[in-house]
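Novice: got a predicted model here, sequence first, then my questions.
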Amino acid sequence: MLNIQVVGPGCANCNKLEQLCREVVAENGLEAQVEKISDYRKIVELGILLTPALILNGKMVSSGKLPSRNTLLQWFTEQS
C-alpha cells in the first residue's frame, strides 16, 4: 500500500494538492492511504521548508510546488 503524506499548513495550494492526490488515487483504483499533515511542529520535524510538500512512502518527492495530475499518477504508480 502506498503511503501519501501531504504536508502544509492549510493554504489553498496545500488543500489543492491533497484533493488532487485523493482524486488520482480514486480515479485509478490505487491502494493508498492519504494523510494531511498540517501541524507546524511535525512540518519542522520533517524538515519541510517549502509547502506544499509531498512525501511518498517516507521519501519527499516534491516541495514548494503543485505537481500536475499526470505527474502525481506517474509517481504513485512508480512507488506502489
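Specialist: Received, thanks. No experiment lies behind these values; they were computed from the predicted model shown. Numbers count the residues shown, from 1 in each chain.
Novice: which residues does I55 contact?
Specialist: Neighbour list for I55: I4, Q5, V7, L46, V61 [criterion: Cβ atoms under 8 Å, 6 or more residues apart in numbering]. Just so you know, the C-beta spots here come from the backbone N, C-alpha and C atoms, and that holds for glycine as well.
Novice: surely it is in a strand?
Specialist: Yes. Counting by DSSP: H, G, I helix; E, B strand; the rest coil, I55 is found in a strand.
Novice: hey, what's it bridged with?
Specialist: As for beta bridges, I55 partners with Q5, M60 under DSSP bridges.
Novice: from now on call the first residue 22
Specialist: Yes, from this point I'll number from 22; that puts the last item at I76.
Novice: now the helices for the chain?
Specialist: Counting by DSSP state H, the chain has helices at residues 33-48, 61-66, 90-100.
Novice: looking at the ones you listed, which is buried most?
Specialist: helix 33-48 (a mean of 17; mean count of other Cβ atoms under 10 Å).
Novice: now the angle between helix 90-100 and that helix, please.
Specialist: 60 degrees (axes from the mean of the first three to the mean of the last three Cα atoms, to 10 degrees).
Novice: cheers, nothing more for now.
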